[in-house]
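Trainee: coordinates only, sequence not included:
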């Protein structure tokens with residue numbers, strides 16, 4: 001641990017916030033924690049110092065509408081022509097219901113084929129060009145609904161498409177909020193090609209294992225709506241490999257897999273359940289003591305109505 005340290009320890013909890021969240025004593029070798037706060041749904045709550053040197057906060061168990069950032073990743077090649085209207089309807093129905101329930105949401109979208117938006121005619125939603133990168137929007141009824149209604153199926157003479165690079169673009173291009181749930185909703189009927197595979201109309205430098213790891217490491221939750229037998233060819237992974245990757249990656253991230261064409265209401269119910277029951281708790285520690293503290297550790301003691309899903313305690317340092 002460096003002398004001046006800004007350490008971020010992230011806890012994932014389910015069941016919403018409970019009573020009494022004391023944090024382990026962090027004072028050692030002259031390093032004193034003088035104050036601590038807790039960010040929930042974007043609001044900062046100061047924690048109280050207890051007599052034993054720990055910090056605690058009391059929050060009642062409740063269900064409320066939380067913050068969520070969602071990017072839709074859509075294969076809009078010609079093979080999707082029979083389902084693209086349903087994809088548009090699913091996205092519109094999903095967001096309309098999200099909006100009507102008052103959730104704090106922001107939206108983005110990436111089209112892809114062999115090329116990934118905003119290249120080769122494929123689009124990437126951007127609420128403003130005045131800021132570098134792609135910017136999400138909280139205005140579904142404005143430019144984003146127009147973007148969704150503009151999704152059409154075209155091109156894509158070969159069956160595998162650039163799914164891995166499209167998912168990476170969704171994760172890397174957008175301005176994801178640190179205190180919001182990060183959700184990817186993905187639609188395709190085709191397999192993918194990955195690093196080291198040549199001969200298709202496109203190329204992706206990412207391997208499927210790398211993309212899966214990036215999803216998990218970045219705290220993204222993938223909901224994948226795909227064919228159970230994705231179209232493929234000799235230049236890409238097999239249909240079974242693609243199906244298993246889509247399904248297993250979605251489930252391992254905390255999301256789910258659905259057959260292409262599944263109603264938006266089914267996907268919506270799963271996403272809302274996730275919004276209402278998951279929260280990321282970040283503990284930020286600054287070491288200004290002038291000495292090296294290595295490692296640092298923090299523990300959450302949850303109340304009756306939550307479970308800690310990540311490692312607890314969490315440590316920083318070797």
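Mentor: It's in. Here the structure is a predicted model, which is why all the values come from computation and not from measurement.
Trainee: in the longest helix along the chain, what counts as buried?
Mentor: Longest helix in the chain by number of residues (criterion: DSSP state H): helix 84-100. Residues 84, 86-88, 90-92, 94-95, 98 are the ones in helix 84-100 that count as buried (16 or more other CB atoms under 10 Å). Yep, even glycine has a C-beta here, placed from its N, CA and C like the rest.
Trainee: cool, stretch 114-133 as well?
Mentor: For stretch 114-133, by 16+ other CB under 10 Å, it's 114-118, 122-127.
Trainee: Equivalent analysis for stretch 205-215, please.
Mentor: Of the residues in stretch 205-215, those buried (16+ other CB under 10 Å) are 206, 208, 211-212, 214-215.
Trainee: Tell me which stretches of the stretch 51-200 of the chain form strands.
Mentor: 55-56, 67-75, 104-112, 181-190 (DSSP state E, counting those that start in this stretch).
Trainee: Make JSON lines out of those and add mean pLDDT, mean neighbour count and distance to residue 252.
Mentor: Shown next, in JSON lines, are the strands of the stretch 51-200 of the chain (pLDDT from 0 to 100; neighbours: other CB atoms under 10 Å; distance: least, CB to CB, whole Å):
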{"stretch": "strand 55-56", "mean pLDDT": "72", "mean neighbour count": "20", "distance to residue 252": "33"}
{"stretch": "strand 67-75", "mean pLDDT": "95", "mean neighbour count": "24", "distance to residue 252": "17"}
{"stretch": "strand 104-112", "mean pLDDT": "96", "mean neighbour count": "25", "distance to residue 252": "22"}
{"stretch": "strand 181-190", "mean pLDDT": "95", "mean neighbour count": "25", "distance to residue 252": "13"}
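Trainee: Quick one, which of those strands gets closest to residue 301.
Mentor: Nearest to residue 301, of all those, is strand 55-56, at 8.8 Å by CB to CB.
Trainee: and the two most separated of the buried residues of stretch 114-133?
Mentor: Longest span within those, CB to CB: 114 and 127, 26.3 Å.
Trainee: what's the longest strand in this protein?
Mentor: Longest strand in the chain by number of residues (criterion: DSSP state E): strand 220-231.
Trainee: who are the neighbours of that strand, in terms of helices and strands?
Mentor: Under the contact criterion of 3 or more CB pairs under 8 Å, 6 or more residues apart in numbering; DSSP states H and E, strand 220-231 touches strand 181-190, helix 239-252, strand 256-259, helix 264-277.
Trainee: what's the closest of the buried residues of stretch 205-215 to residue 167?
Mentor: For the buried residues of stretch 205-215, the nearest to residue 167 is residue 211 (5.7 Å; CB to CB).
Trainee: orientation of the one helix or strand the closest one maps to relative to strand 181-190 in degrees?
Mentor: Here residue 211, judged by DSSP states H and E, is contained in helix 208-217. The directions of helix 208-217 and strand 181-190 differ by 150 degrees, with axes from the mean of the first three to the mean of the last three CA atoms, to 10 degrees as the criterion.
Trainee: ok now helix 208-217, how far from the chain's centre?
Mentor: Relative to the centre of its chain, helix 208-217 is centred 12 Å away, using CA atoms, centre = their mean, to the nearest Å.
Trainee: Next: stretch 200-207.
Mentor: Distance, stretch centre to chain centre, for stretch 200-207: 23 Å (CA atoms, centre = their mean).
Trainee: First-to-last residue distance for that stretch?
Mentor: End-to-end span of stretch 200-207 (CA to CA, to the nearest Å): 15 Å.
Trainee: rewinding a little: average pLDDT for the helix holding residue 211, rounded please.
Mentor: Mean pLDDT, computed over helix 208-217, is 94.
Trainee: Show me what that helix is packed against.
Mentor: Using 3+ CB pairs under 8 Å, 6+ apart: helix 208-217 touches helix 163-173, helix 239-252.
Trainee: ok, residues contacting it?
Mentor: For helix 208-217, contacts defined as CB atoms under 8 Å, 6 or more residues apart in numbering pick out 164, 167-168, 171, 184, 192, 194-195, 220, 222, 237, 245, 249, 252-253.
Trainee: Just the buried residues of these.
Mentor: So, by 16+ other CB under 10 Å, the buried ones in the contacts of helix 208-217 are 164, 167-168, 171, 184, 192, 194, 220, 222, 237, 245, 249, 253.
Trainee: Of all pairs in the residues you listed, which one is the farthest apart?
Mentor: Taking CB to CB as the measure, those have their most distant pair in 220 and 237, spaced 21.1 Å apart.
Trainee: While we're on residue 306, how confident is the model there?
Mentor: 67.
Trainee: Would you mind measuring from residue 191 to residue 229?
Mentor: Distance, residue 191 to residue 229, using CB to CB, to the nearest Å: 9 Å.
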